[in-house]
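Enquirer: Fold the following, please.
(one chain, ligands or ions: 2)
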Amino acid sequence: MKIYNSLSRKKENLVVENNTVKMYTCGPTVYYFPHIGNMRAYIFMDLLRKSLKYCGFNINGVMNITDVGHLVSDSDEGEDKMEIAARRENKNPYQIADFYTNCFFNDLSRLNIELPEHVEKVTNIIDDMINFIKELEKKGYTYIIDDGVYFDVEKFKKYGELSGKDLSKMGVNRIDENKQKHHPFDFALWKFVPENHIMKWPSPWGTGCPGWHIECSALGEKYLGNSIDIHTGGIDHKPIHHENEIAQNDAKEGKQVVKNWMHVEFLQVDGGKMSKSLGNLYTLNQLIEKGYTPIDFRYMNLLTHYRKSLNFTFSSLDSAKSALKSLKNLVNEHKNQNYITKQEILDNYNKEFIDAISDDLNIPLAVGVLWKMLRNEQKSNDIYNQALKFDKVLSLDLDKNDETKTQEEIPQEILDLANQRKIARENKDYKLSDEIRNKINEMGFNIKDTKEGYELSKI
Ligand code: AMP
Ligand code: ZN
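Expert: Ligands and ions are numbered 1, 2, ... in the order given. The predicted structure is shown next:
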């Protein structure tokens with residue numbers, strides 16, 4: 001498996017111990033409904049996990065739920081997002097976190113995104129974070145000013161390597177707003193908070209709450225130790241959050257902790273940034289209200305490589321929706337067909353699929369292999385089964401065709417008629433069976449005979 005490592009800026013072979021990939025994913029800040037851009041990041045995580053599994057790796061994955069301490073700006077300025085949301089909704093920050101964490105899990109589940117093995121709320125690991133900061137303090141990487149404990153980036157020689165920041169250049173014209181930070185890139189490990197702050201904990205340095213970056217370092221260490229194979233996140237996290245994670249990890253351990261960084265590019269809307277003020281910030285629920293399924297949106301995501309930005313428009317979602325429908329119909333046409341496809345042919349498609357996913361997760365190409373196989377090969381249940389194997393990675397519910405879904409919404413009256421018709425056919429009473437069919441049609445439904453019996457759909 002080759003992956004593009006944002007740190008070395010090249011594609012590298014993934015080398016892991018004991019065939020197990022230790023993987024960390026930055027989780028959401030749960031102060032509002034997740035939007036479809038966030039979902040792109042987690043669809044990417046899911047595709048990566050499932051591709052690795054398809055290629056024979058085991059995964060030990062970890063993700064945080066940020067329920068405290070992420071300030072409005074990534075660089076320690078502004079207010080805590082959780083406390084702002086609590087005031088807005090007249091709730092306490094814990095209620096806010098619970099509510100939006102559930103919304104997040106619900107979206108993941110509807111998009112067929114599998115959860116990592118360990119998912120932890122940040123408020124559950126306050127002690128781990130305090131211990132981590134103590135270690136950094138012992139090693140001389142921290143200092144204390146009026147509003148908190150800070151990491152001294154100039155003491156960490158490799159600071160800025162991931163995003164190509166040059167500390168010395170920034171040092172010349174410092175924007176030192178509070179005149180206390182040693183360097184503008186220094187970041188908070190522990191923030192002292194005012195008395196009226198709800199989320200606060202005692203610490204050796206004073207009552208406060210953790211800085212935003214320490215959570216990922218502490219949680220990663222808790223479950224994965226001091227060597228992590230892959231760390232994923234959105235591209236926006238590369239210049240600040242991930243630089244700071246690297247500084248914390250590597251300063252504490254005295255060695256490189258994360259071997260590979262993988263960043264997913266942004267989902268944009270109509271070619272630009274998604275924002276509430278532009279009225280173009282969509283949630284999964286809003287797409288569903290407009291008549292799309294979560295899997296239509298998932299399919300749309302599969303068509304653009306994760307290192308390219310994805311431009312969301314409703315017309316491209318429409319295309320994805322109709323393409324997915326055709327794809328499912330095509331899969332269904334292969335179901336239960338008796339023709340036997342040679343094993344060699346199946347193996348070749350499987351190899352092409354693996355080649356695509358193991359070339360830095362080229363999912364668009366892998367989807368192309370699926371289409372090619374379904375279109376070019378003679379209809380056979382072997383091809384159907386192979387498509388379902390590919391679906392272990394793609395997770396498009398290829399085994400559920402739309403007819404099966406509508407079947408659930410068929411009124412009991414129609415189901416009764418369909419059963420009567422089935423009995424009539426078994427008794428070879430075709431006159432009666434035709435009469436019942438007409439009645440079903442008049443009531444707005446189609447009935448199609450299948451090997452298993454029948455399939456009903458709305459006209
Ligand atoms: P946050 O809750 O803001 O920390 O975001 C959760 C995840 O979504 C992070 O990995 C972000 O990098 C990612 N993310 C946020 N906005 C977008 C977007 N428009 N496209 C892709 N990923 C995004
Ligand atoms: Zn993180």
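Enquirer: only C-alpha atoms for contact and neighbour calcs from this point on.
Expert: OK.
Enquirer: What is the neighbour count of the nearest residue to Leu284 once chain neighbours are set aside?
Expert: Nearest residue to Leu284 in three dimensions, chain neighbours excluded: Ile36, at 6.1 Å (C-alpha to C-alpha, 6 or more residues apart in numbering). Ile36 has 23 neighbours, counted by other C-alpha atoms under 10 Å.
Enquirer: And Ser358, by the same measure?
Expert: 22.
Enquirer: residues contacting it?
Expert: Contacts of Ser358 were listed using C-alpha atoms under 8 Å, 6 or more residues apart in numbering, and they are Met1, Lys2, Ile3, Ser51, Cys55.
Enquirer: Assess the claim that the second one and Ala356 are in contact.
Expert: No - between Lys2 and Ala356 no contact is recorded; they are 10.2 Å apart, counting by C-alpha atoms under 8 Å.
Enquirer: circling back to that earlier point, top of the contacts of Ser358 by neighbour count?
Expert: Top of those by neighbour count (other C-alpha under 10 Å): Ser51, with 24 neighbours.
Enquirer: Got phi/psi on that one?
Expert: Ser51 adopts backbone torsions of phi -70, psi -40, taken as degrees, to the nearest 10.
Enquirer: Asn362 is in contact with that one, correct?
Expert: No - between Ser51 and Asn362 there is no contact under C-alpha under 8 Å: 10.0 Å.
Enquirer: Give me the phi and psi for Ile96.
Expert: Torsion angles, degrees, to the nearest 10, at Ile96: phi -60, psi -50.
Enquirer: gap between it and Leu394?
Expert: For Ile96, the distance to Leu394 equals 32 Å [C-alpha to C-alpha, to the nearest Å].
Enquirer: do the same with His334
Expert: His334 is 18 Å from Leu394, by C-alpha to C-alpha.
Enquirer: What segments of the stretch 101-250 of the chain are strands?
Expert: Here the stretch 101-250 of the chain has its strands, by DSSP state E, counting those that start in this stretch, at 118-121, 142-145, 148-151, 187-192, 208-210, 228-234.
Enquirer: Name all residues that make contact with the residue of the stretch 51-200 of the chain found nearest ligand 2.
Expert: In the stretch 51-200 of the chain, the residue that lies nearest ligand 2 is Asn64 (7.5 Å; C-alpha to the ion). Going by C-alpha under 8 Å, 6+ apart, Asn64 touches Thr25, Cys26, Gly27, Pro28, Val119, Glu120, Lys121, Val122, Glu215, Cys216, Leu219.
Enquirer: Same question for the strand or helix carrying Asn419: list its buried residues.
Expert: Element membership for Asn419 (DSSP states H and E) is helix 412-426. Neighbour-count burial for helix 412-426 flags Ile414, Leu417, Ala418, Arg421, Lys422, Ala424 (criterion: 16 or more other C-alpha atoms under 10 Å).
Enquirer: Out of the residues you listed, which comes closest to ligand 2?
Expert: For those, the nearest to ligand 2 is Ile414 (52.8 Å; C-alpha to the ion).
Enquirer: what helix or strand is the closest residue to the closest one other than its chain neighbours on?
Expert: Of all residues not flanking Ile414 in the chain, Ile440 sits nearest, at 6.5 Å (C-alpha to C-alpha, 6+ apart). Assigned by DSSP H and E, Ile440 belongs to helix 430-442.
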